[in-house]
Every structure is written in structure tokens, then in C-alpha cells.
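Trainee: Coordinates for the following, if possible.
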Amino acid sequence: MNCGNLMKVFRQLEGLEDLRFTYDGERLNPTKSIGEYDMQNGGEIDAFRSETAGKPVIYLFSPSEIDASVTLSLVPDWRFSAVYPVVPIKSLYPELGEQIQWQVRVHKDGSLTEIDTGLEMTYLFWEAQ
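Mentor: Residues are numbered from 1 along each chain as shown. Next comes the predicted model:
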């Protein structure tokens, strides 16, 4: 049996669509079979409701123009679903979670300029699940 079928049945029984599943700390891939996870008889699959962060933004203010590096890290169970301006999402170690870093110039009026691209914005945006 593949994990996707198992997940679908459980979601229908519980009436919840926003569930994610893990076995032995590893998130289940719906395209893999249960046998690929080396599940033992009596093993337990954990089901968690997926959570979504709202629309968090980061504002930067400075009395003088400065260059700033802004690093944002997530706990291992969360994943970035949107980032603006777009920067690479890094995952140095699985146990530490994902991380992003913006390089911006902060202007006196509170506006920002991405250093590499020259893109202008008023805030940094991120969203995660």
C-alpha cells in the first residue's frame, strides 16, 4: 500500500484535509510505499494538522542609511512557502530547519533596496507551512 492511499483514507475518516504524517520522525511521502519506511508491526504513524503562518513581514528602520543582512531560520517542522524578495532557501542540516538571508540597504525613509538586484520595497515578506 502506498502512503498516499493511507493518508487519503485517514483524512476522509477524520474529515480533515490539512494533515501531515510522519513515521519515526520522517515526513511520509505520498508516492512511497509503507514498506520503504521499514515500518515494523505495531509501529505508529503520527498525524499533525498543518499550520500556516499568516502574512508576516519584516520592516527595517534606521536614522541613517545602512546595509543590513537579515537572516530568518525556521524550526525543522516548518518550510518556507513564499519569500519576497526571492532569495535561495538553505537547509544546512535537516535538524536545524530552513534558512533565508536578505542583503538590503535600509534608507532613512524606511524603504529598502535589495543590494544584489537593486529591487526596491518597503518590507521583507515570508510565509511558511
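Trainee: Please name the residues that touch the residue lying closest to Phe21 once chain neighbours are set aside.
Mentor: Counting by Cβ to Cβ, 6 or more residues apart in numbering, the nearest residue to Phe21 once its immediate chain neighbours are dropped is Leu28, at 4.4 Å. C-beta here means a position set from N, CA and C on the backbone, and glycine is covered the same way. By Cβ atoms under 8 Å, 6 or more residues apart in numbering, the contact list for Leu28 reads Cys3, Met7, Phe21, Thr22, Tyr37, Ile45.
Trainee: Relative to Asp109, which of those residues is nearest.
Mentor: Within the contacts of Leu28, proximity to Asp109 (Cβ to Cβ) peaks at Thr22, which comes in at 46.1 Å.
Trainee: isn't that closest one right next to Met39, touching?
Mentor: No. Here Thr22 lies out of contact with Met39, judged by Cβ atoms under 8 Å, at a distance of 11.9 Å.
Trainee: What ranges does this structure have for its helices?
Mentor: In the chain, the segments counted as helices under DSSP state H are 3-14.
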